[in-house]
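Asks: Have a look at this prediction, sequence included:
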Amino acid sequence: MRFSKLYAPTTKDAPKDATLPSHKFLLRGGFVTQSGSGLYSFLPLGKIVLDKIRDIVKEEMDEAGAQEIQMGVVTNADLWKQSGRYDEFGKELLRLKDRKNNEFVLGPTHEEVVVDIVRNIVKSYKQLPLHLYQITTKFRDEARPRFGLLRGREFIMKDGYSFHDSKESLKQEFDLMESTYRKIFTRLGLDFRAVEADSGAIGGSGSKEFMVLANNGEDDIAVCDSCEYAANIEAASRTKRTTDVEPPEAEFAKFYTPTPVKDSIKHIAEFFKVDEFYTIKSVIKKAIYKDSEKIISFFVRGCDTLQETKALNACGALELVDASEDEVRDAGFNPGFCGPIGLDEDAEFYIDHELKEEKNLICGANEENYHFVGVSMFNFKDARYKDLVAVNAGDTCPKCKGKLSITKGIEVGHIFQLGQKYAKAMEALFLDNNGKAQPFYMGCYGIGVSRLVAVMIEASHDEKGCIWNKQTAPYLLDIIVSNIKDEEQNNFANELYETLDKKKVLIDERKERFGFKMKDFELLGFPYALIIGKSLKDGFVELIERKTLEKTQIKKDEIKEVLKGILS
Ligand code: ATP
Ligand code: MG
């Protein structure tokens, strides 16, 4: 490609809201352009990278036996009503109406549509298993679209859906997809982990996320230092926390404890001179359901923090928001002095499972300025106990005796065993080998294809710009003509360019200063530049590796041989 013809509008500065390297460099390099909040268009260089990623994903999916299809972006709302997700999905689902007042949604994921495609057509276990996938545009009206392609509203996803006649067959496909995803992310050259995950709005059980380790990740992941265990903080567990600090043994009693409402746990621990481990704190939230709201208290150890996704799963709400003091009081809780002992049988509360059958605790007495000491946790129903707390760095691994650490990751893929949830709701049945009608077992498997374009940069860049690897670079080599008025330089560069693969090689013959062209090379991040400059007179050209910015003088007669290795 000739740079003079390439539409790659590079700029020196990035918009103020672009804080992450990938966001800045994608915009500054003219890989993409923004057309609205969370909406981006791919320009030629961005499109090449996107297609390269798409090709790798497609090759590996096809190799695994999945078949590519393409479903519409606009989907019929009736299907979403059948599955129940029309109401459950919340505000990320963009609902719309046509001129005849028919309801539609812009597909944020396509379980409903794919179920509709196979139901009534795939009728027998003999036609199973079946795996259909697509690589297309999704729309999610994200609350906070940000970080460029990492969290857009419109984005490109590979989404695959498999259908099975048994749990075992589903598990086999799930394992095959795990190894397929490992191949894909390995081919992309990414440092990733497959982690245990929460299943979110899509539902089902048994799911794994693929996380690329990156400082700018939005997800926290717990990783064991001695075994394979890795999990999203939303789903991470630990071996029950213990302490060497002596318990504050005391008879059950009520104490006068005038403390400020804020930071009350710290004050209480100091007041009684005990470790926060032996205190119970209450985190009170307003839980939003489809048609109602509830004020719920979550009880956890004073030294732990409530993990919001775990809390959501415990109470089954759509969302948890802060509750006002009045709302808390109206619900019968005493802010600052709320404890599980003495609450009504029908009060809304959950207790962290690690507190079950624990003794020698201190908690609020549900009375202004009073706390209980010598509390034992024996008299609560099992249903009250849930895993509610976030795992911390230094906690003990649930699988071995190792220590957990917390690192940042970016989610690039997610695989789920959905089971029969959608097939049951949408009455998608097949006949098993006894002639009995059964709902399909399903799996679903996503990869953030457009997010990966940004992830490649988060994983590999410096302060000057992108550093693409061979697998994803828009071009592998940038031939820079240092002075285009110099006929010898021009001729040499052009003759060389004509012998090379124009899909892999870019020739920068623009009427610009050398420094300007070098800056573009560094920003755009092609793996190599070949400088045709002054030393050509002495029979030399200069090869620069983008990653290290190391320069090597090469005899002009030997350059073709050297380029063979780079371009192969
Ligand atoms: P996240 O937790 O990051 O919102 P998710 O759990 O909603 O992701 P899935 O529903 O599993 O994501 O979608 C599959 C993949 O699509 C994700 O692994 C991610 O790579 C990508 N993806 C999801 N939301 C976005 C988005 N808003 N912009 C770009 N890519 C996205
Ligand atoms: Mg999401």
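Replies: Now that the structure is in, tell me what you want to look at. Numbers count the residues shown, from 1 in each chain. Ligands and ions are numbered 1, 2, ... in the order given.

Asks: C-alpha from now on. contacts and neighbour counts both.
Replies: Will do.

Asks: Show me which residues of the chain sit near ligand 1.
Replies: Residues of the chain found near ligand 1 (CA under 6 Å from any ligand atom) are 149-153, 155, 157, 411-414, 446-448, 451.

Asks: In strands only, show me the residues you listed.
Replies: If you go by DSSP state E, the residues of the chain next to ligand 1 have 155, 157, 411-414, 446-448 in strands.

Asks: Let's have these in CSV, adding neighbour count and pLDDT.
Replies: Shown next, in CSV, are these (neighbours: other CA atoms under 10 Å; pLDDT from 0 to 100):
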residue, neighbour count, pLDDT
F155, 21, 98
M157, 25, 98
E411, 25, 97
V412, 22, 98
G413, 24, 98
H414, 23, 95
G446, 22, 98
I447, 24, 98
G448, 21, 98
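
Asks: Identify the residue spatially nearest to the most centrally placed residue in the chain, adjacent ones excluded.
Replies: Closest to where the C-alpha atoms of the chain average out (CA atoms, centre = their mean) is E411, at 2.6 Å. Counting by CA to CA, 6 or more residues apart in numbering, E411 lies nearest to M211, which is 4.5 Å off, once chain neighbours are set aside.

Asks: Now do the same contact list for that neighbour.
Replies: By CA atoms under 8 Å, 6 or more residues apart in numbering, the contact set of M211 is 192-195, 409-413.

Asks: Name the nearest of these relative to D395.
Replies: V195 (17.2 Å; CA to CA).

Asks: and that closest one, which of the three is it?
Replies: strand (DSSP: H, G, I helix; E, B strand; the rest coil).

Asks: Hmm, it is touching I233, no?
Replies: No: proximity of V195 to I233 does not meet the contact threshold set by CA atoms under 8 Å, at 9.7 Å.

Asks: For those two, list the residues in contact with both.
Replies: Shared contacts of V195 and I233, defined by CA under 8 Å, 6+ apart, comprise I221.

Asks: Low-confidence stretches in the chain?
Replies: For the chain, applying pLDDT under 70 flags the ranges 199-205, 259-263.

Asks: Walk me through the domains of it.
Replies: 44-73+111-236+405-458, 253-386, 475-567 (automatic domain parsing).

Asks: can you pull out the strands in the stretch 301-450 of the chain?
Replies: Using DSSP state E, counting those that start in this stretch, the strands of the stretch 301-450 of the chain run over residues 319-322, 349-352, 361-364, 370-375, 385-386, 404-419, 429-431, 437-439, 441-448.

Asks: Tell me which of those sits most buried.
Replies: Highest mean neighbour count of the strands of the stretch 301-450 of the chain: strand 361-364, a mean of 28 (counted as mean count of other CA atoms under 10 Å).

Asks: The stretch 351-500 of the chain: helices as residue ranges?
Replies: 421-425, 449-459, 487-499 (DSSP state H, counting those that start in this stretch).

Asks: hang on, the earlier thing: now the one helix or strand the residue nearest to E411 maps to against strand 404-419, angle please.
Replies: Under the criterion of DSSP states H and E, M211 resides in strand 205-213. Strand 205-213 runs at 140 degrees relative to strand 404-419, counting by axes from the mean of the first three to the mean of the last three CA atoms, to 10 degrees.

Asks: send the alpha carbons of strand 205-213 over as PDB?
Replies: The C-alpha trace of strand 205-213 is given here as PDB (Å, rounded to 0.1, in the frame of the first residue of the first chain):
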ATOM      1  CA  SER A 205     -24.000 -22.500  35.700                       C
ATOM      2  CA  GLY A 206     -20.400 -23.400  35.000                       C
ATOM      3  CA  SER A 207     -18.700 -20.600  33.200                       C
ATOM      4  CA  LYS A 208     -15.200 -19.500  32.600                       C
ATOM      5  CA  GLU A 209     -13.800 -16.100  31.600                       C
ATOM      6  CA  PHE A 210     -10.700 -15.600  29.600                       C
ATOM      7  CA  MET A 211      -8.800 -12.600  31.100                       C
ATOM      8  CA  VAL A 212      -5.800 -10.900  29.500                       C
ATOM      9  CA  LEU A 213      -3.600  -9.700  32.300                       C
END
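
Asks: in that strand, what's buried?
Replies: By neighbour count on 16 or more other CA atoms under 10 Å, the buried set for strand 205-213 is 206-213.

Asks: State the paired neighbours of that strand in the sheet, together with their directions.
Replies: Neighbouring strands of strand 205-213 in its sheet, by DSSP bridges, are strand 192-196 (antiparallel), strand 404-419 (antiparallel).

Asks: so which of those strands gets nearest D141?
Replies: Taking CA to CA, strand 404-419 is the member of the strands paired with strand 205-213 nearest to D141, at 18.2 Å.

Asks: Tell me which of the helices of the stretch 351-500 of the chain sits nearest to L50.
Replies: L50 lies closest to helix 449-459 among those, at 6.3 Å (CA to CA).

Asks: So out of everything in the stretch 1-150 of the chain, what residue is nearest ligand 1?
Replies: Taking CA to the nearest ligand atom, ligand 1 has its nearest neighbour within the stretch 1-150 of the chain at L150, 5.0 Å off.

Asks: my read: that residue touches M456, true?
Replies: No: using CA under 8 Å, L150 makes no contact with M456, being 10.8 Å away.

Asks: nearest residue to the residue of the stretch 51-200 of the chain found nearest ligand 1 other than its sequence neighbours?
Replies: Taking CA to the nearest ligand atom, ligand 1 has its nearest neighbour within the stretch 51-200 of the chain at R151, 3.6 Å off. Spatially, and ignoring its direct neighbours in sequence, R151 is nearest to P145 (5.4 Å; CA to CA, 6+ apart).

Asks: and V57, helix, strand or coil?
Replies: Here V57 is helix, with the state taken from three-state DSSP.
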